Structures are given as structure tokens and as C-alpha cells.
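In: sequence? don't have it. structure:
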């Protein structure tokens, strides 16, 4: 079977959109599954729908990477977006043709820096993982390349500055996609630190600030990557060998914090893409964290104790799905600031995403580190609801009882805290060691004592949750109810 390349597609009579030649206007640090199914997909659509006419040159951020495989296929790869959309099962295929090549900075750093000499280059996208945006003072300007991503970016920006000096319009729009708060601003801080540490001059520092736009962004798409178990059958059906097939869910949403002028430069709206350019991405981040992530965290532990194992199957259960929906619509949405219509639309998409028949999302994998997740994703909704209504949100309150019951293990091992669900099968709770030790130390407490110990542990919550009127008593009531009737019956009672 012939490998995927332009000539192979021509032989097969491929009639989909392809862009063979175009200037490299985008540099992308990161060649992994996520960016190829998200940023590169959006750029490919921009090329087709708006004549954006841009190729993306990729740079692998760490030494082991996909550069050779990407270059062997002339930058082409097949992307499958799969799931539910408007109640219909979707499995959409597209050959992405916006990638020109992939560079390995550890084999040839000069070829990366040479991209800075290209006058057409305007955009830099990156996703170097949460650990990527860090300032490492051991990095030196003379390193080939600098070890940290912000160090490499500073070297690249300085090459650009040397080439074009103060010429207006030669700076970059930098689109940071890492999963940290204010990713773009944090990246800019690191770059400015390197500029100072390496003594690159006040003019360069001014140029960074005045000619470059560091955009914080919110990204939202589950990317499942290379379909290892299906790849051979898929290639057989495609008629070509594609070693970098990518897969993800249909849903995708990108919020870019930047000036209005970017809306003309990046015509996502004209292309009909789910990308918003605005002056503040935080309300959208809050929406995602509170609704999508908060829904996960609030129901999965109770659902697991009730005998479920996969998110999709939970959506087929009227009680569990009903509990989740009432949590979202009655207790989370009323605490958020975006227009209600936008919140309701996003909430509806969550249920469809959780029903995705192509993703087996295990409840146990979502349960990892629930303590910090509950604090970040659910606790703000609890506090906002109490502040707004003067009453407790009963499903969120019940979710705290599910959390305590799930962590009520009897045996502490190197792997975690071993517990047993009502059906009799063992599972392992995974969290930070001090948290697991705490629950182990309280394993023999009665319901009221255990709830009091958890609520008053300020190291977990940075505050005393027993000070929320009625919360401790209500949680203890749900926990007692679970011991008597099980998590499923408690969920059912919360529907009333």
C-alpha cells in the first residue's frame, strides 16, 4: 500500500480540498495529536473557506517527535472527528493539507531560526503541555537550542528582531494553547525574563511588548489521537498508508483573547468556525470549568459507586443523567455571568459529548485527584449558589458526600488507597499522599465525624467548609443515606 502523499491522493482521484502550495505564515511549536486536530484543522478550514492561504511549519518541542513521519507524508494526514452532533452520530473524515513540513530543533536548530527571516510569517501557535511554559534560569542564549520553550521562543524572537529591526508589522500574533491560567500572559512574562537575563537590550524588550501580541486562549476538544486498534482497517479502507492518522471529538471551541483587529486577520467567523476573539477569555474558561469539568467531577464518583464504569453508559441512565443535568441547569448555570442562551447551548453540548460512542471514558480515570478537582471545579459553584440564594444546592452537596464515600478506603498501599464499592469489587483511589493518608487515618470514623474532619480540613479547601450554613449536616445526611440505601437511591432522591 502506498504512503499518503499528494501523488497518491491524485492517483486515487481524491476530490476533497487540498492546498499544495502557499506561504508559511504560521509557525507551530508542537506537532502532537492535539494541535493537529485543533489549530491545524481550523487553519485548514480557513484556507478552504476564506482563502487564508497559509501553510503551517511545525517544530517538535522535545527531542523525540514526529518530524520524520510528518515529512515522509509531505505534511498530509487524515483527521477523523467523531461523536454526536445535533442528536446524530458523526464520523467526519478530512485530509489536512495546511502543514508544509516539520522541523527538529535538536537535529537542525538553524532551520528553525531561519523561519524568523521569512517576511510572510505572522502567527506562532504552541502547545508544549502545562510544563512547557516555565522559566528555567539555567537556559543560556547561546544554547542550541535553549531547553525551555520560552527560551527557544526568545531566541526566535531575537532573530526576528535582528532581521527586521523596528519595522512595523513584523512582530507575531502568539497563540498559546497550554492548559494553564492566562497562558499567553505567562509566556510573555517568561520571554521578558529571558530578554533581561540574557541582556538583549531595551530596544528588544520594547519590540517584544509593542510589536507582538501574546494571546491567552481557551481550547476545548477531546483529542483521542492515533487509533492504534483501528489503524490497519482504516488504512485499508482509505487505500493509502497513513502513519499519523489523528482522531478527536466533533465538538471544538477556541476562545482567543486579543484586540478586535485580529477578527479581520483571522477570519474564523467568516469561515463559520467555533472560534471567538474577545477582550477577555475568562468567562468562557469559567463556563467550561464549572459546567463541563464540574459536571464530570460532581457525578462520576456517585455513578461509580452506583455500579457504572464509563461516562457514555451513565448518559443512558435516567437517574444519573438526570442528576447531572439538574446539577448543571439548576445549580451551576444560575451562578455564571455569560448570557443564559450561551450557557444553555454549551450545557446541551456537554450531554452530547458525554454520549460519544467513539470514546470509552472511564469513571476511574476521571476520579484521579478529585480533591483538587472538586475544589477548583465544584466548590466555586457551591459558594456562589449559597451566596445568591441563601440555600444549599442539594446535588452539589450530595456530590461532596459521593467524594467522601469514594475516598473511604481501608488499605493504604504504594499505589493508592484501596476501597471496595457496594458490588464487592475493589478499586484504588489515587490522589496526593497526604490526602490519602488523611482518609486512611479517618477510615473508622462514623459519618458525622468523617464529614466534620473533611469539611474542616483547611489544607484541602483553603477554608473551613463547615462554616457554610447547614452544609456539614446535609453532607452527613447524604453519606448516611448512601450507607443505608446506596448512591443510586441518593441520586434518585435528589431529582425531586
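Out: Yep, it's here. It should be emphasised that the depicted structure is a prediction, and the values quoted were computed from it without experimental measurement.
In: where do the strands sit along this protein?
Out: With DSSP state E as the criterion, the chain has strands at 24-29, 55-59, 77-85, 88-96, 99-103, 123-126, 173-176, 213-220, 246-249, 253-257, 275-278, 411-412, 417-420, 426-429.
In: ok, and what's touching the shortest one?
Out: Just to be clear, that refers to strand 411-412. Under the criterion Cβ atoms under 8 Å, 6 or more residues apart in numbering, residues 417, 418, 436, 437, 440 lie in contact with strand 411-412. C-betas here are computed from N, CA, C, even on glycine.
In: Could you list the low-pLDDT ranges of this structure?
Out: 130 (pLDDT under 70).
In: hang on, the earlier thing: quick one: which of the contacts of strand 411-412 has the most company?
Out: The most neighbours of any of the contacts of strand 411-412, using other Cβ atoms under 10 Å, belong to residue 417, which has 25 neighbours.
In: gap between the closest residue in space to it that isn't next to it in sequence and residue 438?
Out: Distance criterion Cβ to Cβ, 6 or more residues apart in numbering; nearest residue to residue 417, sequence neighbours excluded, is residue 409 at 3.6 Å. Per Cβ to Cβ, to the nearest Å, residue 409 is found 11 Å from residue 438.
In: And residue 309, by the same measure?
Out: For residue 309, the distance to residue 438 - Cβ to Cβ - is 27 Å.
In: okay, these two: which has more neighbours?
Out: residue 438 (19 against 14).
In: pretty sure the more buried one is touching residue 457, no?
Out: Yes. The pair residue 438 / residue 457 is scored as a contact, 6.8 Å apart, by Cβ atoms under 8 Å.
In: picking up where we left off before, mind checking which of the strands of the chain is nearest residue 327?
Out: Each of the strands of the chain has some distance to residue 327 by Cβ to Cβ; the shortest is strand 213-220, at 19.4 Å.
In: Identify the residues contacting the closest one?
Out: Contacts of strand 213-220 (Cβ under 8 Å, 6+ apart): 34, 38, 127, 171-177, 179, 182-185, 187-188, 191, 251-259, 262, 281, 284-285, 288, 292.
In: Kindly give a single ChimeraX line that selects the buried subset of those residues.
Out: A single ChimeraX command selects the buried members of these (16 or more other Cβ atoms under 10 Å):
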select :34,38,127,171,172,173,174,175,176,177,182,183,184,187,188,191,251,252,253,254,255,256,257,258,262,281,284,285,288,292
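In: Give me the subset of the contacts of strand 213-220 that lies in helices.
Out: Within those, residues falling in helices by DSSP state H are 34, 183, 184, 185, 187, 188, 191, 262, 284, 285.
In: who's the nearest residue to the last one once chain neighbours are set aside bridged to?
Out: Put plainly, it is residue 285. Sequence neighbours aside, residue 218 is the residue nearest to residue 285 in space, at 4.9 Å (criterion: Cβ to Cβ, 6+ apart). On the basis of DSSP bridges, residue 218 is bridged to residue 255.
In: want to try TSV for the contacts of strand 411-412, with distance to residue 344 as columns?
Out: Formatted as TSV, the contacts of strand 411-412 follow (distance: Cβ to Cβ, whole Å):
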residue	distance to residue 344
417	38
418	41
436	38
437	42
440	42
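In: so, if you compare the ones in helices among the contacts of strand 213-220, which one comes nearest to residue 341?
Out: So of the ones in helices among the contacts of strand 213-220, ranked by how close each gets to residue 341 (Cβ to Cβ), first place is residue 284, at 14.3 Å.
In: Tell me who's in contact with the nearest residue to that closest one once chain neighbours are set aside.
Out: Nearest non-adjacent residue to residue 284, counting by Cβ to Cβ, 6+ apart: residue 255, 4.4 Å away. By Cβ under 8 Å, 6+ apart, the contact set of residue 255 is 217, 218, 275, 276, 278, 281, 284, 285.
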